[in-house]
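Peer 1: how would this look folded up:
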Amino acid sequence: MNVPASIIALNLVSAPVPHDGQLPRPIDNLAVALLRADETPVQEAAVVKAAPAATATRQEVDQNDIVVTARPRIAISDPLENANVKSFEVTQSVDKAFVGPIALSYQHRVPKPIRIGLRNFLYNLREPVVFLNFLVQLKPGKSAETFGRFAINTTIGGAGLVDIAKRHPFALPRRANGFADSMGYYGIKPGPFLFLPLIGPTTLRDLVGDGLDRLVLPLAFGKPFNQATFTLPTSFVGALDRRAEFDEQLQKIRDGSANPYEASRTFYLRRREAEIDDLRGRQATHLLSFTIADALLRRYFRKSHLAAP
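Peer 2: Model prediction:
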């Protein structure tokens, strides 16, 4: 096997990116307020006049106020905090000087239809991993839907460039899943938090799981998925696209928290915990997934006559 995609997975940002490579939508002041709330000793409900949220339960009181119930502190294992902080700081510097400008240039110069097509193509490459892990989690219905998505988009959708499967009459939703999720689903703890160069925020469990994810296509299909001529360009484009889409959220975490490293760590760990809870069928009352948060966000924007991102 030649160079795997993981070597060039340039997650050079100072805040978390979804472990499965899917793109979060930007969040605004409320997420920052919640991250700040985590830094205080008091965990209680508060009314925040803000917009989107992705890190806590929300209940609308009127058109302008949102009740945010902060979750009790999660257990954080960060024995390598000093090394992580240094890696975080170096990554921030590199991102500000090089990666961020390059990613934003990619976003501005490459036409949106091309960027969307490439993004769909990369998502489609992940469907076999999602399919396999739903099988591992004994969820045959979702596994069958994922297989259907992959088959439809690979054929009718032109190798996945167009997401035909989400449209009528198929209406098959895209879902995220991976071996890190399967390990969490069966009770394996996340282990120590890590902030690694080229990878960003992760945990020991997620690092191992993501490594297994990247082995599926090379082992199952061989060429071109095990060749650097394929893995390097696709990983590079995917990294630029993620960084560009994540820019607003990144700036909020950088500028809106007294301690961006701790904010990044808390944000990542809370989101991952919520994703595992969702897989187990629990109502994520303590934390909204990105999908639910986005729906509530847009509903709130409509009510408050603001422009959604």
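Peer 1: for the stretch 51-200 of the chain, which spans come out with low pLDDT?
Peer 2: 51-74 (pLDDT under 70).
Peer 1: can we see that at 80?
Peer 2: For the stretch 51-200 of the chain, applying pLDDT under 80 flags the ranges 51-75.
Peer 1: let me see the ranges of the strands in it.
Peer 2: Taking DSSP state E, counting those that start in this stretch as the test, the strands found in the stretch 51-200 of the chain are 57-60, 66-69, 193-196, 200-203.
Peer 1: and residue 76, what does it touch?
Peer 2: Contact analysis of residue 76 by C-beta atoms under 8 Å, 6 or more residues apart in numbering lists 193, 265, 266, 269. (Each C-beta comes from the backbone N, C-alpha and C, glycine too.)
Peer 1: same thing but 10 Å
Peer 2: Contact analysis of residue 76 by C-beta atoms under 10 Å, 6 or more residues apart in numbering lists 190, 192, 193, 262, 265, 266, 269.
Peer 1: can you check residue 149 too?
Peer 2: 123-124, 127, 130-131, 157, 160, 163-166, 170, 172-175.
Peer 1: sorry, back to before: tabulate the contacts of residue 76 in CSV, adding columns for neighbour count and distance to residue 148.
Peer 2: Compiled in CSV, the contacts of residue 76 are given as follows (neighbours: other C-beta atoms under 10 Å; distance: C-beta to C-beta, whole Å):
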residue, neighbour count, distance to residue 148
190, 23, 31
192, 17, 38
193, 22, 36
262, 18, 42
265, 26, 37
266, 24, 37
269, 20, 33
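Peer 1: what's the closest of the residues you listed to residue 243?
Peer 2: Nearest to residue 243, judged by C-beta to C-beta, of these is residue 265 at 19.1 Å.
Peer 1: ok so that closest one is a strand residue?
Peer 2: No - using DSSP: H, G, I helix; E, B strand; the rest coil, the secondary structure at residue 265 is helix, not a strand.
Peer 1: measure the closest residue to it other than its chain neighbours to residue 276 for me?
Peer 2: Distances taken as C-beta to C-beta, 6 or more residues apart in numbering put residue 193 closest to residue 265, at 5.7 Å, once the chain neighbours are dropped. Using C-beta to C-beta, to the nearest Å, residue 193 is found at 15 Å from residue 276.
Peer 1: likewise residue 173?
Peer 2: Relative to residue 276, and taking C-beta to C-beta, residue 173 is found at 19 Å.
Peer 1: so those two - more neighbours on which side?
Peer 2: residue 276 (22 against 12; other C-beta atoms under 10 Å).
Peer 1: low-confidence ranges in the stretch 201-309 of the chain?
Peer 2: Checking the stretch 201-309 of the chain against pLDDT under 80 turns up 253-257, 282-309.
Peer 1: what segments of it are strands?
Peer 2: So, for the stretch 201-309 of the chain - with DSSP E, counting those that start in this stretch - there are no strands.
Peer 1: please name the nearest non-neighbouring residue to residue 103.
Peer 2: The nearest residue in space to residue 103 (C-beta to C-beta, 6+ apart) is residue 243, at 3.7 Å.
Peer 1: could you count how many residues lie near the one you found?
Peer 2: 23.
Peer 1: how close does the nearest residue to residue 162 once chain neighbours are set aside sit to residue 277?
Peer 2: Spatially, and ignoring its direct neighbours in sequence, residue 162 is nearest to residue 120 (6.4 Å; C-beta to C-beta, 6+ apart). From residue 120 over to residue 277 the distance is 28 Å, taken as C-beta to C-beta.
Peer 1: now do the residue nearest to residue 280 when sequence neighbours are not counted against residue 209, distance only.
Peer 2: Closest residue in space to residue 280, ignoring its immediate chain neighbours: residue 185 at 6.3 Å, by C-beta to C-beta, 6+ apart. Distance of residue 185 to residue 209, given as C-beta to C-beta: 11 Å.
Peer 1: between the two, which has more neighbouring residues?
Peer 2: residue 209 (22 against 19).
Peer 1: check contacts around the residue nearest to that one when sequence neighbours are not counted.
Peer 2: Leaving aside its sequence neighbours, residue 209 sits nearest to residue 180 (C-beta to C-beta, 6+ apart; 2.6 Å). For residue 180, the contact set (C-beta under 10 Å, 6+ apart) comprises 19-20, 133, 188, 190, 202-213, 272, 275-276.
Peer 1: thank you, goodbye.
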